[in-house]
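Enquirer: below: sequence and its predicted model.
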Amino acid sequence: MKQFTIKNMMVATALLLSLASCQKSFLELAPPTSLTPEYALASEADLQVALRGAYAGLKSTNLYGRTLPVLGDMIADNTYQSVQNTNRYTAFSLYNYTVTDGDIAGIWNSSYAAILRANNIINSKIADNANVLQYKGEAYAIRALAHFNLVRYFATPYTKDPSALGVPVVTVYNPDLKPGRNTVNEVYSQINKDLTQAFALMTKFTNSSQFSKYAAKALQAKVYLAMGDMTNAKAAALDVIANSGFTPVTAAAHTGYWAGVAPRTDRVETLFEVSFDAVANNAFDALAYIYLQSANYGDLLCSSELYAQFNAADIRRSLYSTGTRGGLPSTFVNKFSSFTGDHTDTKVVRMSEMYLIAAEASYPSNTADALKYVNEITSRRGAPAIASSGSALFEDIILERRKELAFEGERYLDMQRLQRNITRSTDYPASARSMEFTNFRRLFPIPQGELDANATIKTQQNPGWN
């Protein structure tokens, strides 16, 4: 099998990228003599097609097509593998993934493929106009999102050590590039620079399947939260709340919101999502397929401990159902309900999270605001209002995040930035019910294929994986 590395990504041409929206594979190799981005992207129309290819890359099963949202809950304490399964993600259920794991390599490779596509758009020499600036702004946001995912899975959390090795920051097309790892701080600096530029360049809102000005600002609120920069996290979240024109979904509309499959134009809840439809989808590798029962895989179940956190009147509880699988009592995840025809889209940035970020960022200096913003969510879900104080208030906010964002890939990343040990329920295998924050497996290894092909990064493997 071919090893796909950052260098391989850099030799892929913009011509292939412009065709990516109609290809199944996003990691085609091309010789260095192929058409370069400068010549492949020669017009505004070329740039628009290339941008569609960049969005198409996010649909990869390795990214928002399935793996990112799955692992964000599975290697934490929300999702477990049914005894009746197809052996997908078993290594993550057991915490025994290795440097040659295909899913880990897939995240790495597909993320850098998305970065390459974004770079070709950002660095194009096409004369600026409103459309070109919009396309470039969206590309900056895509590049920021890809680097953000990489640094959170493959590097020490910013809240632990900003000077630790992060991931390679790639901002240019260079077929000979063999980049080493930038520091965590350098990666986050580039992410924030990109999102600031994205916010400045974008002027249009098309629908929730494309980045817009305030989708970039909302992503930046998430970035600041991951950094532990609560002042800027709150400011960014409140900017979105006050000025974006988006509104959080209500309890009455909640069930219909999750049943909906089309990109939204009404500015309700979804700031950005990766969109699938009846033609462009991952078929049997789709996110819904691994959760839904009946004719689907149905491998993954909601932990009994999480399900118990939902009050009986909480509308979110209706997204889960109870039954039996493999002869055992089970709680099924129905949050992603459409697999046939028009497929369920993968939510990336939601309005409700902005209120939760504002709540968390208000603690402990402004408990009144913390209560105000967290209860903006409980009041829209039929859940009891939070009235706690002190450290209990903080824990209630984190629990509300867990319930609201369940199965959207956020739980593990929250445990990372908060530097918390993972303690799983008895739903999980006895050998994999505890994962301390200090365990080396809390960081994914740099994939073996990258180490073999890139001499610069060869000596920069994460500790414990050598």
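Expert: Happy to help now that I have it.

Enquirer: phi, psi of Gly323?
Expert: With angles defined as degrees, to the nearest 10, Gly323 sits at phi -180, psi -150.

Enquirer: for Leu145, what are phi and psi?
Expert: Per degrees, to the nearest 10, the backbone of Leu145 is at phi -60, psi -40.

Enquirer: my guess is it contacts Leu219, does it?
Expert: Yes - if you go by Cβ atoms under 8 Å, Leu145 and Leu219 touch, sitting 6.4 Å apart. Just so you know, the C-beta spots here come from the backbone N, C-alpha and C atoms, and that holds for glycine as well.

Enquirer: which neighbours do these two have in common?
Expert: Val348 (Cβ atoms under 8 Å, 6 or more residues apart in numbering).

Enquirer: ok, these two, which is more surrounded?
Expert: Leu145 (31 against 25; other Cβ atoms under 10 Å).

Enquirer: tell me which residues touch that one, please.
Expert: Under the criterion of Cβ under 8 Å, 6+ apart, the neighbours of Leu145 are 58, 114, 219, 348.

Enquirer: what's the burial count for the last one?
Expert: What it means is Val348. Neighbours of Val348 under the rule other Cβ under 10 Å: 23.

Enquirer: so it touches Phe272, yeah?
Expert: Yes - under the criterion of Cβ under 8 Å, Val348 makes contact with Phe272 at 4.9 Å.

Enquirer: now the common contact residues for those two.
Expert: With Cβ under 8 Å, 6+ apart, Val348 and Phe272 have common neighbours Leu219.

Enquirer: helices of the stretch 51-200 of the chain, residue ranges please.
Expert: 67-74, 90-94, 102-122, 130-154, 184-201 (DSSP state H, counting those that start in this stretch).

Enquirer: distance to Ile357 and mean pLDDT for those - can I get that in JSON lines?
Expert: Shown next, in JSON lines, are the helices of the stretch 51-200 of the chain (distance: least, Cβ to Cβ, whole Å; pLDDT from 0 to 100):
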{"stretch": "helix 67-74", "distance to Ile357": "17", "mean pLDDT": "98"}
{"stretch": "helix 90-94", "distance to Ile357": "27", "mean pLDDT": "97"}
{"stretch": "helix 102-122", "distance to Ile357": "23", "mean pLDDT": "97"}
{"stretch": "helix 130-154", "distance to Ile357": "15", "mean pLDDT": "98"}
{"stretch": "helix 184-201", "distance to Ile357": "15", "mean pLDDT": "98"}
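
Enquirer: nearest to Val172, of these?
Expert: helix 102-122 (6.3 Å; Cβ to Cβ).

Enquirer: give me every residue that touches the spatially closest residue to Glu436 that is not a sequence neighbour.
Expert: Distances taken as Cβ to Cβ, 6 or more residues apart in numbering place Asn421 nearest to Glu436, at 4.8 Å, with adjacent residues excluded. Residues counted as contacts of Asn421 (Cβ under 8 Å, 6+ apart) are 434-437.

Enquirer: how about a cut-off of 10 Å?
Expert: 415, 434-439, 442 (Cβ atoms under 10 Å, 6 or more residues apart in numbering).

Enquirer: ok, Ile122 next?
Expert: For Ile122, counting by Cβ under 10 Å, 6+ apart, the contacting residues are 115, 135-140, 142-143, 171-173, 194, 197-198, 201.

Enquirer: and the strand or helix carrying Leu451, which residues are buried?
Expert: According to DSSP states H and E, Leu451 maps onto helix 448-453. By neighbour count on 16 or more other Cβ atoms under 10 Å, the buried set for helix 448-453 is 448-451, 453.

Enquirer: repeat that for stretch 296-311.
Expert: 297-303, 305-307, 309-310.

Enquirer: average pLDDT for that stretch?
Expert: Across stretch 296-311, the average pLDDT comes to 96.

Enquirer: from one end of it to the other, what's the distance?
Expert: 29 Å (Cα to Cα, to the nearest Å).

Enquirer: check stretch 192-212 too.
Expert: 16 Å.

Enquirer: and the residue nearest to Glu436, what pLDDT?
Expert: In this model, Asn421 carries a pLDDT of 98.

Enquirer: do the same with Asp342
Expert: 81.

Enquirer: so it is in which element?
Expert: Per DSSP H and E, Asp342 falls between elements, in no helix or strand.

Enquirer: so what's it up against?
Expert: Applying Cβ under 10 Å, 6+ apart, the residues near Asp342 are 260-262, 275-279, 281.

Enquirer: over stretch 161-171, what's the mean pLDDT, rounded is fine.
Expert: According to the model, stretch 161-171 has a mean pLDDT of 98.

Enquirer: now it, how far from the centre of its chain.
Expert: 18 Å (Cα atoms, centre = their mean, to the nearest Å).

Enquirer: span of it from start to end?
Expert: 24 Å.

Enquirer: mind listing what's buried in it?
Expert: The neighbour-count check on stretch 161-171 (16+ other Cβ under 10 Å) flags 162, 164-170 as buried.

Enquirer: isn't Leu150 up against Gln190?
Expert: No - judged on Cβ atoms under 10 Å, Leu150 makes no contact with Gln190 at a distance of 11.3 Å.

Enquirer: shared neighbours, the two?
Expert: 166, 169.
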